[in-house]
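> no sequence for this one, just the structure:
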């Protein structure tokens, strides 16, 4: 079950400022790449893969954090995805698209 709350935040994903009706979706992932091997190139691959899978614009995504320690076998990623209200025919379509993510 998703809970949606109106938030105010500085928006780096997509155009600023936030437009009324936009959704921000936060995604946490853990990947099997050691933190010391993680690089910007991997981030671009994840942006493009998520854009293709969820039919989003890669420019509407931002990697907020990539965390891990040298003793872990994976890197934890924290993404922010901006769902622009103007990209959907109505609120219901945007709601379903955000649930797909």
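Structure received. Worth saying up front: this structure is predicted, and the values here are computed from it rather than measured. Numbering: from 1, shown residues only.

> can you count the residues close to the closest residue to residue 23 other than its chain neighbours?
Closest residue to residue 23 apart from its sequence neighbours, by Cβ to Cβ, 6 or more residues apart in numbering: residue 83 at 4.0 Å. Placement of C-beta: from N, CA and C, glycine included. The number of residues packed near residue 83 is 22, by other Cβ atoms under 10 Å.

> hmm, residue 83 is touching residue 60, no?
Yes - between residue 83 and residue 60 a contact is recorded at 7.4 Å, counting by Cβ atoms under 8 Å.

> what sits against residue 51?
57, 58, 61 (Cβ atoms under 8 Å, 6 or more residues apart in numbering).

> show me what contacts residue 65?
76, 77, 78.

> try 10 Å this time
Each residue near residue 65 by Cβ atoms under 10 Å, 6 or more residues apart in numbering is listed here: 28, 76, 77, 78, 79, 80.

> pull out the buried members of those residues.
Buried members of those, scored by 16 or more other Cβ atoms under 10 Å, are 77, 79, 80.

> buried residues in the helix or strand bottoming out on mean pLDDT in the chain?
Least confident helix or strand of the chain, by mean pLDDT, DSSP states H and E, is strand 61-67 with a mean of 79. Residues of strand 61-67 classed as buried by neighbour count (16+ other Cβ under 10 Å): 61, 62, 63, 66.

> got the phi and psi for residue 83?
Residue 83 adopts backbone torsions of phi -100, psi 110, taken as degrees, to the nearest 10.
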